[in-house]
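[1] attaching a predicted model along with its sequence, questions to come.
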Amino acid sequence: MMSDDRKEQEDGLKPGERADRRVRADAKRNLDGLLQAALTVFATSGVDAPVREIAEKAGVGIGTVYRHFPERSDLVVAVFRREIDACADAAPILAAEHAPGEALARWMQRFVDFIAAKRGLAAALHSGNPAFDALPAYFQQRLQPALRSLLDAAAAAGEVRTDIAAEDLLNAAASLSMHAYAQGSEHARRMVSLLVDGLRYGAVQRCRQ
C-alpha cells in the first residue's frame, strides 16, 4: 500500500499538506452543518432560540458554537450570508444546465426558498442592531449580478422582455413571496411563477412584429 507521504509527493503536495487539507475540509463541513442547524432552529423557534438547541441540532457542544460565533449576531450574520451566497452561486449552475428562460424561472424559485429562510431571521434583521447594517448591501451585491446574468441571457434568447431591472424584479419577488407565504410555500411559488410568466409578454410581442 502506498504511504501517505508517497501519495502527497505524487500529488505535488509537500508532506503534511494532504492532512491539512483534510482538516480544513472537515472543519468546513462542520461549520456548514452548524449554520444549517442554526437556520433550521431559527425558522422554527426564532432567532432567540437557546444556543443549546442549535448545538444539539448540529451535534456539537455549546463551546463549539461560541468558539465560532461569540455573539448571537455573529451567527445570524453568518447564516444570512451563507443563504445569500448559496442563492447567488446557483445562478451559473442553472445557466449551464438549462435553457435561458428555464434557468431564470428555476432561479426565481430558488429565490423564493431564500426568502423563506430570511423569514426566520426577520426579527433580528429589523432589530436595529448595527451588526446587521451591512447585510442589505451584501444582498444587493451578490444577488443583483446573479439575476442580471440570467435576465440578460433570457432576453438575448428572446424569452423575456429587455426592460427589466434586476433590482426591481428582486424586490417584486421578495414582496410577493413574503405576503404569499401566509398561505403556504406552494402559494408563494405559484405567485412568483406567475410573475416570471409575465416577463415573457413583451418578448412575445416583439417576436410577432
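    Now that the structure is in, tell me what you want to look at. Numbering: from 1, shown residues only.
[2] wait, R81 sits on Q141?
    No. When contacts are counted by CB atoms under 8 Å, R81 is not listed as touching Q141 (11.0 Å). Every residue, glycine included, has its C-beta placed from N, CA and C.
[3] between those two, point out the one with more neighbours.
    R81 (16 against 12; other CB atoms under 10 Å).
[4] which residues sit in contact with the more buried one?
    Applying CB atoms under 8 Å, 6 or more residues apart in numbering to R81 gives the contacts 135, 138.
[5] the one 10 residues further on too?
    Contact criterion CB under 8 Å, 6+ apart gives 103, 107, 146-147, 149-150 as the residues in contact with A91.
[6] nearest to V76, of those?
    A146 (22.2 Å; CB to CB).
[7] how far away is that closest one from H98?
    Look at A146 and H98: by CB to CB, to the nearest Å, they are 15 Å apart.
[8] more neighbours, those two?
    A146 (23 against 15).
[9] and that one, how far from L170?
    From A146 across to L170, the span is 10 Å (CB to CB).
[10] likewise for V79?
    V79 is 20 Å from L170, by CB to CB.
[11] so where's the chain shaky on pLDDT?
    1-27, 204-209 (pLDDT under 70).
[12] just the helices in it please.
    Using DSSP state H, the helices of the chain run over 4-10, 17-45, 51-58, 62-68, 72-97, 100-119, 122-125, 135-156, 166-180, 185-198, 200-208.
[13] how about stretch 120-137: buried residues?
    By 16 or more other CB atoms under 10 Å, the buried positions in stretch 120-137 come out as 120-121, 124-125, 132, 135.
[14] what about it, how long is it end to end?
    End-to-end span of stretch 120-137 (CA to CA, to the nearest Å): 19 Å.
[15] count of neighbours near the nearest residue to A58 once chain neighbours are set aside?
    With CB to CB, 6 or more residues apart in numbering as the criterion, A58 has its nearest non-adjacent residue at 3.7 Å, and that residue is A37. Neighbour count for A37, taken as other CB under 10 Å: 20.
[16] I'd guessed A37 sits against K57; true?
    Yes. Between A37 and K57 there is a contact under CB under 8 Å: 3.8 Å.
[17] what do these two both touch?
    By CB under 8 Å, 6+ apart, no residue touches both A37 and K57.
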